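J.: After the sequence you'll find the predicted model.
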Amino acid sequence: MKKLTLVSVQSACLSVILSLSACVTEEVPLKQAPVVPQSSVIAVSDPDIALNQEHLLSWFPQDFMVVEGQDVSAAHLKSYAYIKQRIKMTLEAKGLKFAAKGVEGSRQVVVAALLGEGKNSTSIERLFKLYPNLTAQDDIKTGTLLIAIIDPQQYKAAWRGAIQILIEEGVSESQRHIRIDSAVARLLRSLDV
């Protein structure tokens, strides 16, 4: 699995893919839940780029994971894999289907997981052109999950969204999974198919 710890050459490609000149932005109001104490969600869709149950999905060939101020650990990689698993399950529950492994779908799912704030996180957020606004406390990091569903032929996004949450480092793996489940559900709630 390829991981991005610094912004790579693929950033230029991704910026073209995620550029939307005619998009509608709406902030998704959220009720606070105890598993994710603070979060901010924003989603953008382009009605000119179709996304429906006839489209087969596949993963974008590059994974984007940025952990500011530290190396990517085994725990980070496990969490990233779990995030992708939950995204896939949530999209399938909406009636979307993934192509067989190794087959490029007519729509690709791009995922970026950012932990902490810094130059690399800011660069990825700018590529997605989504800026959830949540201020981190000194002892809690800000985490951002960005998802886009793109048309790889037109290099445009049919839908993209971001959730920013405050992350406490010392939680158990099961608590982390519960929080990931909640974040993915909140983020993909606005995706209509």
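T.: Looks like it arrived, so ask away.
J.: gap between residue 193 and residue 175?
T.: From residue 193 across to residue 175, the span is 30 Å (CB to CB, to the nearest Å). The way it works is simple: take the backbone N, C-alpha and C, and place the C-beta from them, glycine included.
J.: longest helix anywhere in this protein?
T.: Counting residues, the longest helix found in the chain (DSSP state H) is helix 74-93.
J.: after it comes which helix or strand?
T.: The first helix or strand that comes after helix 74-93 along the chain, using DSSP states H and E, is strand 97-98.
J.: Let me know the average pLDDT across that next one.
T.: Averaging pLDDT along strand 97-98 yields 97.
J.: Beta-bridge partners for residue 39, please?
T.: residue 165 (DSSP bridges).
J.: Run a quick neighbour tally on it.
T.: 21 (other CB atoms under 10 Å).
J.: I figured it hits residue 187, correct?
T.: No - between residue 39 and residue 187 there is no contact under CB atoms under 8 Å: 9.0 Å.
J.: what is in contact with those two at once?
T.: residue 163 (CB atoms under 8 Å, 6 or more residues apart in numbering).
J.: Surely residue 146 touches residue 130?
T.: Yes - judged on CB under 8 Å, residue 146 makes contact with residue 130 at a distance of 6.4 Å.
J.: Mutual contacts of those two, please.
T.: Shared contacts of residue 146 and residue 130 (CB under 8 Å, 6+ apart): 160, 161, 162.
J.: Next one, pLDDT for residue 188 please.
T.: In this model, residue 188 is scored at 95, pLDDT.
J.: Actually, residue 7.
T.: So, for residue 7, pLDDT stands at 37.
J.: As a check, name the ranges of all strands in this protein.
T.: 24-27, 39-45, 56-59, 64-67, 97-98, 107-115, 141-151, 156-167 (DSSP state E).
J.: Format these as TSV; extra columns: distance to residue 122.
T.: Output for the strands of the chain, formatted as TSV (distance: least, CB to CB, whole Å):
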stretch	distance to residue 122
strand 24-27	19
strand 39-45	16
strand 56-59	24
strand 64-67	10
strand 97-98	31
strand 107-115	9
strand 141-151	10
strand 156-167	12
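J.: Generate TSV for the shared contacts of residue 146 and residue 130, with neighbour count, distance to residue 181 and pLDDT as supplementary columns.
T.: Below are the shared contacts of residue 146 and residue 130 laid out as TSV (neighbours: other CB atoms under 10 Å; distance: CB to CB, whole Å; pLDDT from 0 to 100):
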residue	neighbour count	distance to residue 181	pLDDT
160	24	21	92
161	25	16	91
162	23	17	90
